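Student: based on what follows, work out the 3D shape:
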Amino acid sequence: MTTIILCLLAYLIGAIPTGLWIGKVFYKKDLHEHGSGNTGTTNTFRILGKKAGIIVFIFDLLKGTLATLLPLIFHVHGVSPLIFGLLAVVGHTVSIFDKFKGGKAVATSAGVVLGFNPFFLLYLAVIFFLVLYLFSMISLSSIAGAIAALLGVLIFPHFHFILPNYDPLFSLIIMVLALIIIIRHKSNIQRIKNKEESLVPFGLNLSKQHNI
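Tutor: As a prediction, the model looks like this:
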């Protein structure tokens, strides 16, 4: 019974639509009606500004971490912490508090990895910020991070680098999270192909996107 309650709690934690609520309460703006219409970190930065964007990023990150740590906090055994983290990501992307809409899962997925393997997250952060500097696109950086995660869980265990042993469940969860992120960036991928993707105001923009 405790496990079921914690699974539900993990979903509800992930389902908190941070950007949407902050926008409505403090800025009198509905993020669904501005920019990309997304309630995640990137659109919050773009529409509500740096302060709100940072708060939303941190909160969405910690949603994944807290959910992943629930079994440790409540001394629940027999269910992997990754299952709780995955439920938080599901809540973030299909939120009961936002008519089953949600963000693109990047920050919350990062929080799940932070709660389970911080060094793997550090590797992904390096990839993310390197791609961000080279191409000036958060969307492309997120997709690159997802692909890097897929490659990491497949390759690193063979070299005992970051992941000393092959963990089937961790690999499976990472694959699911990566696929969720890539699928939810489908419209961004099309804009990147059309060279119309939104950019951050720094970096090299090597792909020469036009929507600055």
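
Student: and the worst-scoring helix or strand of the chain on mean pLDDT, what other elements does it pack with?
Tutor: Using mean pLDDT, DSSP states H and E, helix 41-48 stands out as the lowest-scoring helix or strand of the chain, at a mean of 92. Helix 41-48 sits against helix 18-26, helix 50-73, with contacts defined as 3 or more Cβ pairs under 8 Å, 6 or more residues apart in numbering; DSSP states H and E. Heads up, the C-betas are built off the backbone N, CA and C, glycines and all.

Student: and with 10 Å instead?
Tutor: The contact analysis (3 or more Cβ pairs under 10 Å, 6 or more residues apart in numbering; DSSP states H and E) places helix 41-48 against helix 18-26, helix 50-73, helix 106-116, helix 138-159.

Student: distance between the last one and the chain's centre?
Tutor: Relative to the chain's own centre, helix 138-159 is displaced by 13 Å; criterion: Cα atoms, centre = their mean, to the nearest Å.

Student: in that helix, which residues are buried?
Tutor: 138-146, 148-150, 152-153, 156-157 (16 or more other Cβ atoms under 10 Å).

Student: do the same with the shortest one
Tutor: Taking 16+ other Cβ under 10 Å as the basis for neighbour counts, the residues of helix 18-26 that come out buried are T18, G19, L20, W21, I22, G23.

Student: got the helices and strands packed on helix 41-48 as JSON lines, with mean pLDDT columns?
Tutor: Formatted as JSON lines, the helices and strands packed on helix 41-48 follow (pLDDT from 0 to 100):
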{"stretch": "helix 18-26", "mean pLDDT": "96"}
{"stretch": "helix 50-73", "mean pLDDT": "97"}
{"stretch": "helix 106-116", "mean pLDDT": "97"}
{"stretch": "helix 138-159", "mean pLDDT": "97"}
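
Student: those helices into TSV, with extra columns for distance to P81?
Tutor: Listed next are the helices and strands packed on helix 41-48 as TSV, based on distance: least, Cβ to Cβ, whole Å:
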stretch	distance to P81
helix 18-26	22
helix 50-73	5
helix 106-116	6
helix 138-159	16
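
Student: nearest to L86, of those helices?
Tutor: Among the helices and strands packed on helix 41-48, helix 106-116 comes nearest to L86, with 7.1 Å by Cβ to Cβ.

Student: show me what the closest one is packed against.
Tutor: Using 3+ Cβ pairs under 10 Å, 6+ apart, helix 106-116 sits against helix 2-15, helix 41-48, helix 50-73, helix 81-93, helix 118-135, helix 138-159, helix 168-184.

Student: show the pLDDT at H77.
Tutor: With respect to pLDDT, H77 scores 89.

Student: doesn't it belong to a strand?
Tutor: No - secondary structure of H77 (DSSP: H, G, I helix; E, B strand; the rest coil): coil, not part of a strand.

Student: ok, I83 - how many residues close by?
Tutor: Neighbour count of I83, defined by other Cβ atoms under 10 Å: 18.

Student: pretty sure it is in contact with T68, am I right?
Tutor: Yes - contact status for I83 versus T68: in contact at 9.2 Å, counting by Cβ atoms under 10 Å.
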